[in-house]
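**Q** I'd like to go over a predicted model; first the sequence, then the structure.
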Amino acid sequence: MNERTKSRLGLAFRLLCVLATVVVLWRFLRGIDVDRFTAALRGADYRLLVLAVLLNVGAQFVRGASWTAMLGARHPVRFGTLLRYELAAQAASSLTPARAGEVMRLWMLRREGVPVTVTTALIVLKKSIGAVGVALLALPVPLLLGFTGWVPGVVLAITAAMVAHLALLVWVAHRKPGAKLPAFLRGLVDGMYFLRDRRGFAGASAWILLGEIADAAAAFVVLRALHMNLSFAAAILVLFFIDFANALPSAPAQLGTFEAGALYALGLLGVSPDLALAFTLVFHAQQAMPQIVVGLPFQLHYLAVRRTTQDSPTAAPVPEGMHG
C-alpha cells in the first residue's frame with residue numbers, strides 16, 4: 001500500500017468519524033427543551049462545581065506524579081518540573097488539534113535528557129494503562145445499573161481488547177529487540193523499561209488509575225451539582241463512553257467526540273436530552289478550562305524558550321518528529 005493510498009484511507013476514516021459524531025449529536029440535540037436546559041444551568045450548585053474544578057487541578061498533580069513513577073531512577077526529573085510540563089501539555093492539547101500537547105511534551109522532556117523514543121513509549125503506555133483502568137472500573141457497572149443485552153457485552157469486549165493491548169506491550173517490553181529492527185523501534189521497546197520493573201509498573205499504574213478515579217469523581221460531582229440523582233457507577237459509565245469516543249479523531253479539547261460520548265451514555269441512563277446537554281457542557285468545561293487557565297502561561301513560556309533555542313546558532317538540532 002503506497003503513501004497516497006494510506007493518506008486517502010486515513011482521511012476517509014477521519015471523515016467517517018466526524019460524520020458519526022455529527023449524527024450522534026444531531027440525534028440528541030434535536031430533542032432539546034431550551035427552557036429546561038437553561039433552568040438546569042441556572043439551578044446548578046456552584047459550590048459543587050468549585051469542588052469539581054479542584055478535583056481537576058488535583059488530577060494534574062496526580063498525573064505529574066505518574067510521570068515521576070514512569071521515568072523512575074533511569075530518567076529522574078523533579079516533580080515540580082514534570083507538573084509544569086503536564087500543565088503546559090494539557091493546555092496545548094486543549095487549544096490545538098492532533099494532540100499537540102504530546103508533541104510539546106517530547107521537546108520538554110528532551111530538555112531533561114529523556115530521549116524522544118522513551119517519551120513516546122511512555123505516552124503510549126500511560127494512555128494504555130489509563131484505558132485499562134477505566135475499562136476495569138466500568139466492567140461491573142452495567143450489571144450494577146441493571147443493564148442487559150448489548151451494553152454489558154460491549155463493555156466486556158472493549159475491556160478485553162484494552163487488557164490484551166496492554167499485555168502485548170508488556171510482552172514486547174520483556175523481549176530483546178532484534179538487531180534488524182529500525183533504531184527508532186528499538187528505542188521504543190527500550191523506552192518501555194518500567195514495564196520490566198514490577199514495583200515501578202505497579203506504582204505508575206496506581207497513580208494513573210487514581211487520576212482516572214479523580215475524573216470519575218468529578219463527573220459524579222457535576223451530576224450532583226446539576227441535581228441529577230445518578231450513582232457513582234453511572235458517572236464511571238459516562239467517563240467510559242467519553243474516553244472511548246475521545247480515542248477517535250477530534251477537534252481541539254475533544255470537541256464533538258466528548259459531547260457524543262457523554263450524551264450517548266446519559267441517553268442509555270434515561271436522562272433527558274436537555275439535562276444531558278447541560279451536564280455535558282459543564283463537565284467538558286470542568287475538564288478543559290482549568291487546564292487552559294492554569295497551563296496556558298506555562299505553554300507560552302516553553303514555546304518562547306523553544307523558539308529562542310531553535311533560533312540560536314549554537315542550539316542542538318531537533319530530531320525529526322519534534323517540530324510541531
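**A** Thanks, I have the structure now.
**Q** Following the chain past the host helix or strand of residue 126, name the next helix or strand.
**A** Using DSSP states H and E, the element containing residue 126 is helix 116-138. Sequence order places helix 141-144 as the next helix or strand after helix 116-138, per DSSP H and E.
**Q** In that next one, which residues are buried?
**A** The neighbour-count check on helix 141-144 (16 or more other Cβ atoms under 10 Å) flags 141-142 as buried. C-beta: built from backbone N, CA, C; applies to glycine.
**Q** Name the next helix or strand downstream of that helix, please.
**A** Per DSSP H and E, helix 141-144 leads on to helix 150-173 as the next helix or strand towards the C-terminus.
**Q** Dump the C-alpha coordinates for that next one into CSV.
**A** Extracted in CSV, the C-alpha atoms of helix 150-173 (Å, rounded to 0.1, in the frame of the first residue of the first chain):
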residue,chain,number,x,y,z
TRP,A,150,-25.6,-5.4,24.3
VAL,A,151,-24.3,-2.9,26.8
PRO,A,152,-22.5,-5.4,29.1
GLY,A,153,-21.2,-7.2,26.1
VAL,A,154,-19.7,-4.0,24.6
VAL,A,155,-18.1,-3.0,27.9
LEU,A,156,-16.7,-6.5,28.3
ALA,A,157,-15.4,-6.6,24.7
ILE,A,158,-13.7,-3.2,25.0
THR,A,159,-12.2,-4.2,28.4
ALA,A,160,-10.8,-7.4,26.9
ALA,A,161,-9.3,-5.5,24.0
MET,A,162,-7.6,-2.9,26.2
VAL,A,163,-6.2,-5.6,28.5
ALA,A,164,-4.9,-7.6,25.5
HIS,A,165,-3.3,-4.5,24.1
LEU,A,166,-1.5,-3.8,27.4
ALA,A,167,-0.5,-7.4,27.8
LEU,A,168,1.0,-7.3,24.3
LEU,A,169,3.0,-4.2,25.3
VAL,A,170,4.3,-6.0,28.4
TRP,A,171,5.3,-9.0,26.3
VAL,A,172,7.1,-6.8,23.8
ALA,A,173,8.9,-4.9,26.7
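**Q** got the angle between the following helix or strand past that helix and helix 116-138?
**A** Per DSSP H and E, the first helix or strand lying C-terminal to helix 150-173 is helix 183-190. Angle, helix 183-190 to helix 116-138, by axes from the mean of the first three to the mean of the last three Cα atoms, to 10 degrees: 50 degrees.
**Q** Fine by me, we can end here.
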